[in-house]
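Trainee: coordinates for the following, if possible.
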Amino acid sequence: MKMRRWSIGVLECWSIALLASSLGAAEPHLIDLPTALQLAGAQNLDVKIAREKVAEAKANHESARLQFFPWLSPGAGYRKHEGRIQAVDGPVFDASKQSYNAGATLTAQVDIGDALYKTLAARQLIHAADHALDAQRQDTILAAAQGYFDLAKAQVAVGVAQEAVRISQDYENQLQRAVEAGIALRGDELRVRVQTERNQLALRQAQEQQRIAAARLAQILRLDPKVELAARDVELAPLALVKNDATLDALVGQAYGSRPELRQSHALTQAARETKDGAVYGPMIPTVGAQAFAGGLGGGTGGSTGSFGDSEDYFFGVSWRIGQGGLGDFGRIRAAEARLKQSQLVGEKLRDEITRQVVEAHTRVHSQSDQVATAKKALATAEENLRLARQRKQFGVANVLENIQAEQELTRTRNDYFGAVAEFNKAQYALGRATGSAAASKK
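Mentor: Predicted coordinates for the structure are as follows:
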C-alpha cells in the first residue's frame with residue numbers, strides 16, 4: 001500500500017513537472033479547470049509554507065517529548081593541584097597532587113509538570129497547523145478557480161470584441177460601396193468607421209485584460225508568469241456546484257461544522273488551556289533529577305599516575321520550585337489565563353466572520369443566478385434587434401445610427417451575459433469555500 005501511494009505521488013509530481021516544462025513554448029498553453037485546481041493544491045507557495053509549518057509543529061512536539069528522556073555525556077577529565085590546600089577537618093597544608101578520570105554520565109533532569117503540559121500543548125499545535133494547511137489549501141483552490149474564470153471571461157471578452165470589430169467592418173464596407181454608388185452619405189460611412197475604431201480599441205483593451213488574467217493565474221499555480229495561459233473551456237456556461245434550495249441557517253450550520261479555521265481555532269484554544277493548566281498545576285508536580293557515572297579514576301601525589309581503577313557515582317532527588325516559574329508565580333498564571341481568554345475571543349470573532357462570509361456568498365450566488373437569467377434574455381433581445389436592423393436596405397442617417405446602436409447593445413449584452421456567468425461560477429466556489437463543502441476543495 002505504501003509503495004502504491006509512493007508510485008502515485010511520483011506520477012503526480014512527474015505530470016506536474018512535465019506540464020510546467022511544456023509551458024516554455026511560445027504558443028498559449030491551454031489549461032482546464034481540473035488541472036488548474038490540481039496544480040493549485042500542489043505547487044502554490046502558500047500551501048508549501050503551510051506544510052512547513054506543520055513540519056515545524058511536529059518537530060516542536062518531538063522536542064517537548066524528549067524532555068522526559070535522559071541524556072548521555074561521555075568524556076574525560078584531568079585535574080592537578082600545587083600549593084596550599086585545606087583538609088576536610090580544617091588544617092591548611094602544602095600538597096602536590098593530580099587526578100584524572102574517564103567515563104560516561106547518564107543524566108536525567110525532568111521538570112515533569114512543565115514537560116507534560118508542554119507536550120500536550122505542542123500536540124494541539126500540530127492539530128492547529130494541520131487545519132491551517134487545510135484552510136490554506138482551500139483558499140488557494142478558490143483563488144485558482146476564480147482566477148481561471150477571470151481568464152475565461154477575459155478570453156470571451158476578446159472574442160466578443162473581435163466579433164464586434166468584424167460586424168462593424170462589414171457594415172463599413174457596405175456603406176463604403178453605397179457611398180461610391182451615390183446612395184449613402186459620406187458622413188454615415190465616417191460614423192461607422194469611428195465605431196469600428198472604437199471596437200478595435202475595446203479589442204486591444206480586452207486582450208490586455210486577458211494577458212493580465214493569465215499572468216495572475218500563473219502566479220497562483222506557481223508557473224512562469226511570462227508564459228501565456230489560455231482557458232481550454234472557451235464557452236462559459238453556468239455550473240451547478242451548490243444546492244439552490246439550501247437555507248441560510250443550514251449553510252451557516254454546515255460552515256460551523258466544516259470550516260478548518262474553526263477547528264484550528266479550537267486546537268489553539270486547547271493549546272492555550274494546556275499552557276494555563278501547566279502554569280497552575282505544573283509546579284505541583286516535582287522535578288526529578290537522577291545521575292549515574294561509570295568509568296575510572298586515577299592519580300596520586302606529585303606526578304604519580306597510578307592507582308587507576310573503576311569508579312561509580314549515583315544520585316537521585318526530587319524537588320519543588322517556589323516563586324518565579326514555580327509555585328506562587330501568579331503573574332505567569334494570569335498571563336496564561338489572559339492568553340486563553342484571547343484565544344476564546346478570537347474564536348468567537350472567527351465565527352462571526354464565517355457567518356458573514358456565508359451570508360455574503362449566499363447572497364451573491366442568488367443575485368448572480370438572477371443576473372444570468374436576465375442577461376440571457378437581454379442577449380436574445382439584442383441579437384434580434386441587430387437582425388432586424390440589418391434587414392433594412394436603405395441607408396439613412398437614422399438607419400445608420402440604429403445599426404450602430406444595435407451593434408453596441410449586442411456587444412454590451414454579450415459581455416454582460418458572459419461576465420454574469422463567470423461571476424456566478426466564482427460565487428458558487430466562494431460559497432463552497434465559505435461553507436467548507438467539497439466544492440471548495442475539489443481537485
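Trainee: C-alpha only now, for contacts and for neighbours.
Mentor: Noted.
Trainee: and stretch 178-188, which residues are buried?
Mentor: 178-179, 184-185, 188 (16 or more other Cα atoms under 10 Å).
Trainee: in which helix or strand does the closest residue to Ala375 other than its chain neighbours reside?
Mentor: Take Ala375 and drop its neighbours on the chain: the residue closest to it by Cα to Cα, 6 or more residues apart in numbering is Tyr417, 4.8 Å away. Using DSSP states H and E, Tyr417 sits within helix 397-435.
Trainee: show me which residues of that helix are buried.
Mentor: For helix 397-435, using 16+ other Cα under 10 Å, the buried residues are 399-435.
Trainee: now do stretch 331-341
Mentor: Going by neighbour count (16+ other Cα under 10 Å), the buried part of stretch 331-341 is 332-333, 336-337, 339-340.
Trainee: what's the helix or strand for the residue nearest the centre of the chain?
Mentor: Closest residue to the average C-alpha location of the chain: Gln136 at 2.6 Å, with Cα atoms, centre = their mean. Per DSSP H and E: Gln136 is located in helix 112-181.
Trainee: and the helix or strand immediately after that helix in the chain, what other elements does it pack with?
Mentor: Using DSSP H and E, the helix or strand that follows helix 112-181 in sequence is helix 186-220. Other elements packing on helix 186-220 under the criterion 3 or more Cα pairs under 8 Å, 6 or more residues apart in numbering; DSSP states H and E are helix 112-181, strand 229-231, helix 397-435.
Trainee: lowest average confidence across these, which one?
Mentor: Set side by side, these differ in mean pLDDT, and helix 397-435 is lowest with a mean of 83.
Trainee: what angle do that one and helix 112-181 make?
Mentor: Going by axes from the mean of the first three to the mean of the last three Cα atoms, to 10 degrees, helix 397-435 is angled at 170 degrees with respect to helix 112-181.
Trainee: right, and the helices and strands packed on helix 186-220 - which one's nearest Pro238?
Mentor: helix 397-435 (5.5 Å; Cα to Cα).
Trainee: so what does the closest one touch, helix or strand wise?
Mentor: Contacts defined by 3+ Cα pairs under 8 Å, 6+ apart place helix 397-435 against helix 112-181, helix 186-220, helix 248-258, helix 330-390, helix 438-441.
Trainee: which residue packs closest to Glu172, ignoring adjacent ones?
Mentor: Spatially, and ignoring its direct neighbours in sequence, Glu172 is nearest to Val192 (5.7 Å; Cα to Cα, 6+ apart).
Trainee: show me what contacts that neighbour?
Mentor: Residues in contact with Val192 (Cα atoms under 8 Å, 6 or more residues apart in numbering) are 168, 171-172, 400, 404.
Trainee: what is the nearest of the residues you listed to Ile220?
Mentor: Nearest to Ile220 among those is Ser168, at 37.7 Å by Cα to Cα.
Trainee: count the neighbours of that closest one for me.
Mentor: For Ser168, the number of neighbouring residues by other Cα atoms under 10 Å comes to 24.
Trainee: for the residue lying closest to it once chain neighbours are set aside, give me the pLDDT.
Mentor: The spatially closest residue to Ser168, leaving aside those adjacent along the chain, is Thr196, at 5.3 Å (Cα to Cα, 6+ apart). Here the pLDDT value assigned to Thr196 is 87.
Trainee: so Thr196 sits against Gln169, correct?
Mentor: Yes: using Cα atoms under 8 Å, Thr196 makes contact with Gln169 at a distance of 6.1 Å.
Trainee: between those two, which has more neighbouring residues?
Mentor: For Thr196 and Gln169, the more surrounded residue by other Cα under 10 Å is Thr196, and the numbers stand at 22 against 18.
Trainee: so what's the more buried one up against?
Mentor: 165, 168-169, 172.
Trainee: would you turn those into TSV with distance to Leu151?
Mentor: TSV is the format used below for the contacts of Thr196 (distance: Cα to Cα, whole Å):
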residue	distance to Leu151
Val165	21
Ser168	26
Gln169	27
Glu172	31
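Trainee: what's the closest of the residues you listed to Leu248?
Mentor: Leu248 lies nearest to Val165 out of those, by Cα to Cα, at 44.8 Å.
Trainee: just name the shakiest helix or strand of this structure by mean pLDDT.
Mentor: Scoring the helices and strands of the chain by mean pLDDT, DSSP states H and E places helix 2-22 at the bottom, with a mean of 41.
Trainee: got CSV for the helices and strands packed on helix 186-220, with distance to Ala250 too?
Mentor: Below are these laid out as CSV (distance: least, Cα to Cα, whole Å):
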stretch, distance to Ala250
helix 112-181, 21
strand 229-231, 34
helix 397-435, 10
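Trainee: looking at the ones you listed, which is nearest to Gly326?
Mentor: helix 112-181 (9.6 Å).
Trainee: the residue nearest to Leu221 when sequence neighbours are not counted sits in which helix or strand?
Mentor: Nearest non-adjacent residue to Leu221, counting by Cα to Cα, 6+ apart: Ala40, 4.9 Å away. Using DSSP H and E, Ala40 falls within helix 33-43.
Trainee: who does that helix touch, helix- and strand-wise?
Mentor: Counting contacts by 3+ Cα pairs under 8 Å, 6+ apart, helix 33-43 is packed against helix 112-181.
Trainee: this completes my enquiry, with thanks.
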